[in-house]
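> Below are the sequence and a predicted model; questions follow.
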Amino acid sequence: MIIADLNKIEGRTYPARRRTQNLVGGPSPIQTQSFCMGYVTLDPNGGQVPWHDQESEEVYFVISGLGEMCIGDERQEITGGQAVNIPPGSFHQITNIGDDPLTMLYCYGPAGDVAHWRQELDGTLPKAGVDVPPLPDGAQPQCTRRAEQ
């Protein structure tokens, strides 16, 4: 039996003020072909998964906190207990707009790394409204800061 223990998974911290812990895929002891899954903590007041797209089907499930979810030209608040479907190829972003950490699960398939993780760490994430489509009107700005060296 293979068990991934969230309490023992160090995870990775990203410039957009989030910590991602792979539960299935990546460095996790659980590897699958069909999907990846992880636990994400967005820091209060602005922690984010920045504006990006990928060819995978994806679902975000917010466990706790208050977020602003953007998909394409839509923007909506999302809170604990809600899941959102992200169609393949859709630009999307989630930002913590609350005073407490936002915790969520992501699940996407098929399995494999997605480019935006490396781009964010390298400071090469395409910029909304410049290199890629703009964010919806009124959305929190996209974080494109480079990781501290």
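Perfect, thanks for sending it. What you see is a predicted model, and the numbers here were worked out from it, not measured in a lab.

> where exactly do the helices run in this structure?
Per DSSP state H, the chain carries helices over the ranges 115-122.

> For it, give me the ranges with low pLDDT.
Applying pLDDT under 70 to the chain picks out residues 147-149.

> What ranges does it have for its strands?
Secondary structure of the chain (DSSP state E): strands located at 12-14, 18-24, 36-42, 48-52, 57-64, 66-71, 74-79, 83-86, 92-96, 102-109.

> mind putting these in JSON lines, distance to W117 and mean neighbour count included?
Placement of C-beta: from N, CA and C, glycine included. Compiled in JSON lines, the strands of the chain are given as follows (distance: least, Cβ to Cβ, whole Å; neighbours: other Cβ atoms under 10 Å):
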{"stretch": "strand 12-14", "distance to W117": "8", "mean neighbour count": "18"}
{"stretch": "strand 18-24", "distance to W117": "8", "mean neighbour count": "19"}
{"stretch": "strand 36-42", "distance to W117": "10", "mean neighbour count": "22"}
{"stretch": "strand 48-52", "distance to W117": "9", "mean neighbour count": "25"}
{"stretch": "strand 57-64", "distance to W117": "13", "mean neighbour count": "18"}
{"stretch": "strand 66-71", "distance to W117": "19", "mean neighbour count": "21"}
{"stretch": "strand 74-79", "distance to W117": "21", "mean neighbour count": "14"}
{"stretch": "strand 83-86", "distance to W117": "16", "mean neighbour count": "15"}
{"stretch": "strand 92-96", "distance to W117": "14", "mean neighbour count": "25"}
{"stretch": "strand 102-109", "distance to W117": "11", "mean neighbour count": "20"}
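
> Any idea what T13 is bridged to?
On the basis of DSSP bridges, T13 is bridged to R19.

> Same check on Y108?
Taking DSSP bridges as the rule, Y108 bridges to C36, E58.

> of all the strands of the chain, which lies closest to L121?
strand 12-14 (6.8 Å; Cβ to Cβ).
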